[in-house]
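Asks: Mind folding the following:
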Amino acid sequence: METIYDIQQLLKKFGTFIYVGDRLADLELMEQEIRELNKSQLIDPKDYQMAILLLRHEAAKERDKQMLRSEGK
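Replies: Residues are numbered from 1 along each chain as shown. As a prediction, this is how the structure comes out:
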């Protein structure tokens, strides 16, 4: 698992499609779903760890972008 797309494909296997229209909200919902799958022991622990790492990294980048946009106004 290397990209957000990989996480989306993993979620799709379990019938979960996430698109709110707000990138940060999408990432947060994906993290919640991954946590639930891990809690139910439906995904490999290594996939869980990598997915959480990727989602948190991407969410931090998105927050930085939003902060830069708000400072530029």
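Asks: For this protein, give me the ranges with low pLDDT.
Replies: 73 (pLDDT under 70).
Asks: So in it, which helix runs the longest?
Replies: With secondary structure taken from DSSP state H, the chain has its longest helix at helix 45-72.
Asks: thought Trp18 was touching Gln8?
Replies: One thing to correct before we go on: residue 18 is Ile, not Trp. Yes: using Cβ atoms under 8 Å, Ile18 makes contact with Gln8 at a distance of 7.4 Å. C-beta coordinates here come from the backbone N, C-alpha and C atoms, glycine included.
Asks: quick revisit: in the longest helix of the chain, which residues are buried?
Replies: Buried residues in helix 45-72, counted by 16 or more other Cβ atoms under 10 Å: 47-48, 50-52, 54-55, 58-59, 62.
Asks: From these, pick the one nearest Leu68.
Replies: Leu68 lies nearest to Glu62 out of those, by Cβ to Cβ, at 10.8 Å.
Asks: give the contact list for the closest one.
Replies: Shown here is Glu62, whose contacts under the criterion Cβ atoms under 8 Å, 6 or more residues apart in numbering are 23-24, 27.
Asks: do the same with Glu28
Replies: Applying Cβ under 8 Å, 6+ apart to Glu28 gives the contacts Ala59.
Asks: Now do the helix or strand hosting it: distance to the chain's middle.
Replies: Under the criterion of DSSP states H and E, Glu28 resides in helix 23-39. Taking Cα atoms, centre = their mean, to the nearest Å, one finds helix 23-39 lying 5 Å from the centre of the chain it belongs to.
Asks: Glu33 against Leu11, yeah?
Replies: Yes: at 5.7 Å, Glu33 counts as touching Leu11 under the criterion of Cβ under 8 Å.
Asks: quick one: common contacting residues for those two?
Replies: With Cβ under 8 Å, 6+ apart, Glu33 and Leu11 have common neighbours Ile18.
Asks: I'd say Met30 and Leu11 touch.
Replies: Yes: using Cβ under 8 Å, Met30 is in contact with Leu11, at 6.5 Å.
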